[in-house]
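In: generate a structure from the sequence data that follows.
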Amino acid sequence: MNWLAIVLGTAAFFAVGAVWYTVLFGKAWRRLTGLSEEQLRSGANGPLIFVLCFLLELLVVTMLGHLFAFLQPSDRAKMMISTGFGLTIMSPAIGITYLFMRKPLKLFLIDAGHFVVGMAAVGVVFVLLG
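Out: Residues are numbered from 1 along each chain as shown. Reported below is the predicted structural model:
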């Protein structure tokens, strides 16, 4: 497996999330989740949440790296598979959960969009690092 691509892909996924949930959709996401900016900043578990998020993203990207090591796909296929993970595996999984939790469609679209764009960024890293 390409461990450099796995670690940097995870960092890219995490960076997309940082921009996604602050600059792009931060206000809408906070409103839809009912969390204030103060609640998010003052939480004692903030650092732990970020570390766990990175580790969970690392798990997803490691599985993708394992798949790429096994399949040896073309660059085009790497992008299709990476984006496909976000679009057809991760987004439906959170969609099922959100349906039962009665979460609004807008929240699903924000979170699912993060998965799709984040996984596309992972794909770019794998393409660039071979």
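
In: give me the pLDDT value at residue 43.
Out: pLDDT for residue 43: 71.

In: for it, give its distance to residue 50.
Out: Residue 43 sits 11 Å away from residue 50, going by Cβ to Cβ, to the nearest Å. In this view, the C-beta of every residue, glycine as well, is placed from N, C-alpha and C.

In: repeat for residue 82
Out: Using Cβ to Cβ, residue 82 is found at 23 Å from residue 50.

In: more neighbours, those two?
Out: Just comparing residue 82 and residue 50: by other Cβ atoms under 10 Å the higher neighbour count belongs to residue 82, 28 against 13.

In: contact partners of the one helix or strand residue 17 maps to?
Out: Residue 17 belongs to helix 3-19 when assigned by DSSP states H and E. Residues from elsewhere that reach helix 3-19 (Cβ atoms under 8 Å, 6 or more residues apart in numbering): 53-54, 57-58, 60-62, 64-65, 114, 117-119, 121-122, 124-126, 129-130.

In: also stretch 20-30?
Out: Stretch 20-30 is touched from outside by 36, 37, 40, 106, 107, 110, 111, 113, 114, 117, 118, with contacts defined as Cβ under 8 Å, 6+ apart.

In: okay, it in CSV with CA atoms only?
Out: Extracted in CSV, the C-alpha atoms of stretch 20-30 (Å, rounded to 0.1, in the frame of the first residue of the first chain):
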residue,chain,number,x,y,z
TRP,A,20,-16.4,22.8,4.4
TYR,A,21,-17.6,23.3,8.0
THR,A,22,-16.2,26.8,8.5
VAL,A,23,-16.0,29.0,5.4
LEU,A,24,-18.4,27.2,3.1
PHE,A,25,-21.2,25.8,5.2
GLY,A,26,-20.3,26.5,8.8
LYS,A,27,-23.3,28.8,9.6
ALA,A,28,-25.9,26.7,7.9
TRP,A,29,-24.4,23.5,9.5
ARG,A,30,-24.5,25.0,13.0
